[in-house]
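Q: I'd like to go over a predicted model; first the sequence, then the structure.
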Amino acid sequence: MELVARCIGKDLFWIVGPDYEQARAEFSYFVQAMTALEMIEPDSLNWPKEGSCDVTLLGGTQIITKSAYASEKLGSYAPDGILVVEAGQVEWDVIEMLRGRVGPKRGWIMMTGTLEKAQTWYREKAKAWRFGNTEWEAKSYSLPSWGNLSIYPGGRLDPEIKAMELVLRKEVFAEKIAGEPLQSVLAVWGEFDERVHCDRERARFVREATSPLTGKPMPKPVMLAIDPGWDDPYAVVALQWDTQPNRAYAIDMLYRRHLQTPDIVALCQARPWWPNVRGGVIDVAARHHGSGRPHIEEWLYSGGIALASQPVGIEAGLVRMRSFLREPITEKPRLFINPDTCQELVSEFKAESYQDYEHTKLIDADNHARKAISYWLVHMFGYSQPRNFKRVDNIVPLFGDQTVAQYLRNMKKTAVSV
C-alpha cells in the first residue's frame, strides 16, 4: 500500500472517495496494516457509522477520510499527500482542487480506480499519462486482473482469464479484465470523433449570408437550443445551419448553474450573435414552472424570443442526433462544433453513457446541451424515422456482409447507373 510506505514522519494525509462510504474500505485496509505494525496511537481511532473517519499514528501523523461529494469540506490544513479512491467517479474539478491543496507542502496525489463506468477525464488521463506528463508530473499504470496472482495464479494464461476472454466481448474484456483505457463500452456516442466534428472554421459565427431570393447580403439566422437547469447546468447552444445539404453548426454556448432565466438571457444578449437570433427550441418541461413565469414565457418576456417545444422521445432524439454525427448513406458528418466556445458540449459527447452493457437505458447526466440540440434537430429537420418505428436489426442479415449504409449506397449507385 502506497500510503503505508509514505506516511511515516509526516503530518497529515487524506483518503478521498466519491463519498465517505467508498473511502472507508481503503481506510480499513490502512488501519489493518498499521495495527499489524503496532503504529497506531492508543485510543486515537475514530470510526463512526457514517461520515469521516480518522486515526493518529505514533509520532503524530493523522489520516482522515474525505468525501469528494462534500467538496466544500476539502479544506483546512494542507495535507502531505492525498489518496483518491475510485477516482473515475470523481469530478475533474475536484481533482484540480486537490492539486491546489497539496501545493503548500509540495505533496503528492495518487489516484486509483477501475475504468468501468469511469468519467471521460479518467480514461483520457489514463491514456495520455502512460508515458508521463510534465505539467502534472504524472504517470499512469494499468493493472490487469491477472496481475493478482493470489486470485489468478496462472497470470495471463490462467484458465479463468482465458475462459473470460472467450465469452466476453472484446471491448468488455479489455475494459473489465485487461484494464485497457479504451472508449467505454457504455459510451453512447461511438460515432463522435473530436477530430472530425470539432471544426472551428466551419462552426464559426457567420454574420451575413447571401439571400437565395434577392442575391443580396442578409443576416444569417441563429437559433437557440435550450435545456433549462438550476443544480444541473442551464444549457443554451447557439446554432446556425445550411440546407442542401443539411448541416448544423454549434457556434457558441452557455453552460451555467444557479442562474435564473433572465440572467441567462442577459448573458446571451451580450454575445455577438444575439442580433441574428430568430427563435429556438426549448425542453418541453419549460412550459411549466413550479413558481413564477415558465421558462418559455420568460424568454419571450425578457429577450423577445419565441421558442418552440414539443415532446421528443429518448430514442427518437438519439436516432436524429446519430444521423447528423454520421449521415446514414454517405457516412459523412453533418454536425460541426466550435471547440473553442463549446467545450462543455464536446465533453458531453465523450461522457454520456448507458447504465447497462445492453444499451437499454441512459444515465440521465452529462447530456444537457446534447439533448437541447436533439430537440432542435427534430424541430428543424423532422424525425429521422417515423415516431412509431420498429428496429430493423433483424433485416441486416438479408444484406449479406454489407452494412445497411453500404446496402443503401449500392442501391443508390444502381439507380444512378440505370
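A: That came in fine, so what should we check first? Residues are numbered from 1 along each chain as shown.

Q: low-confidence ranges in the chain?
A: 1, 71-73, 75, 289-290, 385-418 (pLDDT under 70).

Q: Output the contacting helices and strands for the lengthiest helix in it.
A: In the chain, assigned by DSSP state H, the helix with the most residues is helix 20-36. Helices and strands touching helix 20-36, by 3 or more Cβ pairs under 8 Å, 6 or more residues apart in numbering; DSSP states H and E, are helix 2-6, strand 12-17, strand 54-56, strand 62-67. For every residue, glycine as well, the C-beta is placed using N, CA and C.

Q: Would you mark the buried spots in it?
A: 20, 22, 23, 24, 26, 27, 30, 31, 34 (16 or more other Cβ atoms under 10 Å).

Q: What is the burial count for residue 216?
A: 8 (other Cβ atoms under 10 Å).

Q: Which parts of the protein are strands?
A: 12-17, 54-56, 62-67, 81-84, 108-111, 208-210, 217-219, 222-227, 234-242, 247-256, 277-282, 307-308, 335-337 (DSSP state E).

Q: helices or strands up against the third one?
A: Packed against strand 62-67 by the contact rule (3+ Cβ pairs under 8 Å, 6+ apart) you find strand 12-17, helix 20-36, strand 54-56.

Q: can you pull the buried residues of stretch 130-150?
A: Those would be 140, 145, 146, for stretch 130-150 by 16+ other Cβ under 10 Å.

Q: cool, and stretch 303-318?
A: Quick answer for stretch 303-318 (16+ other Cβ under 10 Å): 303, 305, 307, 309, 312, 316, 317, 318.

Q: Tell me which residues are up against it.
A: Here stretch 303-318 makes contact (Cβ atoms under 8 Å, 6 or more residues apart in numbering) with 188, 224, 226, 265, 268-269, 277, 279-284, 286-287, 296, 299-300, 362, 371, 374-375, 378-379, 383, 385, 387.

Q: from those, which ones fall inside helices?
A: Going by DSSP H, the helices hold 265, 268, 269, 296, 299, 300, 371, 374, 375, 378, 379 from the contacts of stretch 303-318.

Q: The fifth one - how many residues pack around it?
A: Counted by other Cβ under 10 Å, the residues lying close to residue 299 total 27.

Q: What distance do you get for it to residue 249?
A: Separation of residue 299 from residue 249 (Cβ to Cβ, to the nearest Å): 22 Å.

Q: Next: the last one.
A: In this structure, residue 379 and residue 249 are 16 Å apart, going by Cβ to Cβ.

Q: If we ignore the residues flanking it in sequence, what's nearest the residue nearest to the spatial centre of the chain?
A: In the chain, the residue lying closest to the centroid (Cα atoms, centre = their mean) is residue 351, at 2.2 Å. Once flanking residues are discounted, residue 351 sits nearest to residue 366: 3.9 Å by Cβ to Cβ, 6 or more residues apart in numbering.

Q: do you know how far the one you found is from residue 350?
A: 9 Å.

Q: Likewise for residue 56?
A: On the measure of Cβ to Cβ, residue 56 and residue 350 end up 42 Å apart.

Q: more neighbours, those two?
A: Higher neighbour count among residue 56 and residue 350: residue 350, with 21 against 17, using other Cβ under 10 Å.

Q: wouldn't that one be in contact with residue 192 here?
A: Yes: with contact defined as Cβ atoms under 8 Å, residue 350 counts as touching residue 192 (7.0 Å).

Q: The ones in helices among the contacts of stretch 303-318: which two are farthest apart?
A: Taking Cβ to Cβ, the two most distant members of these are 269 and 378; they sit 26.6 Å apart.

Q: show me what contacts the residue nearest to the centre of the chain?
A: Under the criterion of Cβ under 8 Å, 6+ apart, the contact list for residue 351 reads 119, 120, 366.
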